[in-house]
Structures are given as C-alpha cells and as structure tokens.
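1. Sequence and predicted model, in that order:
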Amino acid sequence: MSRPALLKLAACQYAPHLGDTDGNAARGVAWIDRAADAGAKLIVLPELASSGYAFASEEEADAAAQDGGGAILARWVDSCRRRGVYVVAGFSERRGDERFNSAALLGPEGLIGVYQKAHLFNDEKSYFQPGDSGFPVFDLPFGRIGILVCYDLWFPEAARVLALKGAQLICVPTNWVANFRRQVVDDRGWAMGNYAAVAVATQNQVFVAAADRIGSERDVEFIGASCIAGPEGWLLAGPASRSDEALLLADVDLSQAAARKQRTPRNHAFGDRRPELYSSLSGPAASTSE
C-alpha cells in the first residue's frame, strides 16, 4: 500500500465537563475543527472526552455512558467525514449491562474500532469493567496505530504487545491526575506521564501521542502536560502546560518506527529480545500488598 511520507498529528488538551454530554460533543467537534484547520489528519482527544471523569454514583456514570453508535460518536464521525480526518477519542462506553472506559477510532468511513481500557485507576474500578479484549492494531491510510488509555501506559507489556503487532504510533487519550503524587512536575515542567510516554516510545521505537485534559472535577485535579514523542524517545511537541488549553502538532514519518528499530548495525529493538527468559511475565505478581 502506498502511504504518505508525512502525517500531521494532533493532541488536543482541554477540559470536558462532567455529565455535560451535549456540551462535550460540541467541544470535541470544535477541537477536531481546530486541529483540522491546522492541517492535522489524525487527532487525539482526551480520555472520557464524552462524559467527564469524576463520577459520584452509578446513576451519574450510567447517564453519561453510550454505546458505539451513540449520538456523541456520531457527531464526531460527521466531523471526520466533513474534514477528511481520523480521530481517537475517549468515551464512556455502555455494552450490554456493563460500562467501559473506552477509546474510539473514528474516520470518514465511520466507527473503525473501539479499545476498552485494560488497567483501571482508583475510582474507575467503581464505575467501569476492565477491558479484556486485548490490544488491537488498526490499519489506516497512513500507517498502523494502536491505542492505550492513561494508566495503561504504566504497563510496558501493553505497549510492547502493540509494537510487536506492528503499531507505528500509539495514541493515548489520558486523564493524568495530581492526586497520589508528592511531586506533580519536575524543574523543567515534565510530569511522570511525559517520562512514561518517552520510555514507551524509545523502548518500542514507536511514536506516542498523549492527549491529556486540564481543570478539576470534585476532588480530582488534572495536570495537562500533553505530549507527542518520537521513536528515539525525544519529545516532538510538548509537554503542554498544567492549566491551559493546547493544540500540539507534529509532522511525523511513521516509516521511521520501522527504520529506527535497527539501533546499530548489530542491534535490533525486537531482534535482540530474549522471550525464552521472560516467561515469568505471564504469571501473577509476587505480591499485591507490598
């Protein structure tokens, strides 16, 4: 398949509003338009961009959930068709009697796929089921992408599975929080999520686009710091500020995800792996109480 050499990639940092599904749909449309106006062809929106994050009851969480054919995703698909772009967006998904913290891949052709967050963080465990459908990779006209959501980025196995399946870019809708951290950013303004993104990028020789949100809901403070990292681990855009809206843009050549895997004439990122030594990775942790 002939693919364009360069892709303009966008990560959108803004504040969805808790429970305001109509308003969140409109905010998503506005950010898709803003990114498309800047030339972006693949646009990443934050985690739970459809619903907000800090639910206080089952009823509140259920009211904000929708299935894959819901009105919010339909509006964002309309934007994709109108602007000729692809979007990865976090949403609260209802599937049967269960809810998932999910991310949808949308394009001019409609809903392409859904990834359900595998690793739930703190109170998410009260309102969502963990996804158990694995880590899919999607073929788009410009390359192969995988999706993780926020806390998933802290599990190197998840990103490695995507990379081994051929992902050139990992899109990460996220809601990084200040809660539970003694220090939110370091002296140069980097949050731990930025270090996680560059680690995943350089370990796997892939691009990583992390779109965070800002603001606060109830007692949860979000920290911004959205970023785009290249396969050598250096940031191509960001980190964005802790408190301001931001549109991060980067021109990326996804073919570099393969080219950079040959690290030296004698070293290959995947060829040097020793899977026979890693069997303990599939077993349970030694302890979850330490």
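-> Yep, that arrived. Computed from a predicted model, the values in this text were never measured in an experiment.
2. How about the secondary structure of residue 187?
-> On the three-state scheme (DSSP: H, G, I helix; E, B strand; the rest coil), residue 187 is labelled coil.
3. And for it, the neighbour number?
-> 5 (other CB atoms under 10 Å). All C-beta atoms are positioned from the backbone trio N, CA, C, and that covers glycine.
4. try residue 138
-> Using other CB under 10 Å, residue 138 has 18 other residues around it.
5. So, low pLDDT: which residues of the stretch 151-290 of the chain?
-> 286-290 (pLDDT under 70).
6. All the strands of it, in order from the start?
-> Using DSSP state E, counting those that start in this stretch, the strands assigned to the stretch 151-290 of the chain run over residues 169-173, 207-211, 216-217, 220-221, 227-229, 235-237, 246-252, 262-264, 267-268.
7. can you give me the angle the longest one makes with strand 169-173?
-> What separates the directions of strand 246-252 and strand 169-173 is an angle of 170 degrees, with axes from the mean of the first three to the mean of the last three CA atoms, to 10 degrees.
8. tell me how far strand 246-252 is from the chain's mean position?
-> Here the centre of strand 246-252 is set off from its chain's centre by 14 Å, with CA atoms, centre = their mean, to the nearest Å.
9. For residue 196, see how far away the most centrally placed residue in the chain is.
-> In the chain, the centroid-proximal residue (CA atoms, centre = their mean) is residue 172; its distance is 1.3 Å. Using CB to CB, to the nearest Å, one gets 9 Å for the distance from residue 172 to residue 196.
10. What is the longest helix seen in the chain packed up against?
-> Once the chain is assigned using DSSP state H, the helix that runs over the most residues is helix 21-37. Judged by 3 or more CB pairs under 8 Å, 6 or more residues apart in numbering; DSSP states H and E, the packing partners of helix 21-37 are strand 7-13, strand 42-44, helix 71-83, strand 246-252.
11. And that helix, how far out from the chain middle?
-> Using CA atoms, centre = their mean, the offset of helix 21-37 from its chain centre is 17 Å.
12. buried stuff in that helix?
-> For helix 21-37, a neighbour-count test (16 or more other CB atoms under 10 Å) marks 21, 24, 25, 27, 28, 29, 31, 32, 34, 35, 36 as buried.
13. average pLDDT across it?
-> Average pLDDT, helix 21-37: 98.
14. what's that helix in contact with?
-> Residues outside helix 21-37 that contact it (CB atoms under 8 Å, 6 or more residues apart in numbering) are 10, 12, 14, 16-17, 43, 45, 49-52, 64, 66, 71-72, 75-76, 79-80, 83-85, 87, 89, 247, 249.
15. about what we covered before: check whether the residue nearest to the centre of the chain really touches residue 210, as I assumed.
-> Yes. The criterion here is CB atoms under 8 Å, and residue 172 meets it with residue 210 at 4.2 Å.
16. Dump the C-alpha coordinates for stretch 163-183 into CSV.
-> Only the C-alpha atoms of stretch 163-183 are listed here, as CSV (Å, rounded to 0.1, in the frame of the first residue of the first chain):
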residue,chain,number,x,y,z
ALA,A,163,4.6,-2.7,18.9
LEU,A,164,5.1,-6.4,18.2
LYS,A,165,1.8,-6.4,16.3
GLY,A,166,3.2,-3.7,14.1
ALA,A,167,1.9,-0.5,15.6
GLN,A,168,3.9,2.5,14.4
LEU,A,169,2.0,5.0,16.6
ILE,A,170,0.3,4.6,19.9
CYS,A,171,-2.4,7.1,20.7
VAL,A,172,-3.1,7.7,24.4
PRO,A,173,-6.3,9.6,25.4
THR,A,174,-5.5,10.3,29.1
ASN,A,175,-6.6,12.0,32.3
TRP,A,176,-3.4,12.3,34.3
VAL,A,177,-4.1,13.4,37.8
ALA,A,178,-2.2,15.2,40.6
ASN,A,179,-3.8,13.1,43.3
PHE,A,180,-1.5,10.5,44.9
ARG,A,181,1.7,12.3,43.8
ARG,A,182,4.1,14.1,46.1
GLN,A,183,5.5,15.9,43.2
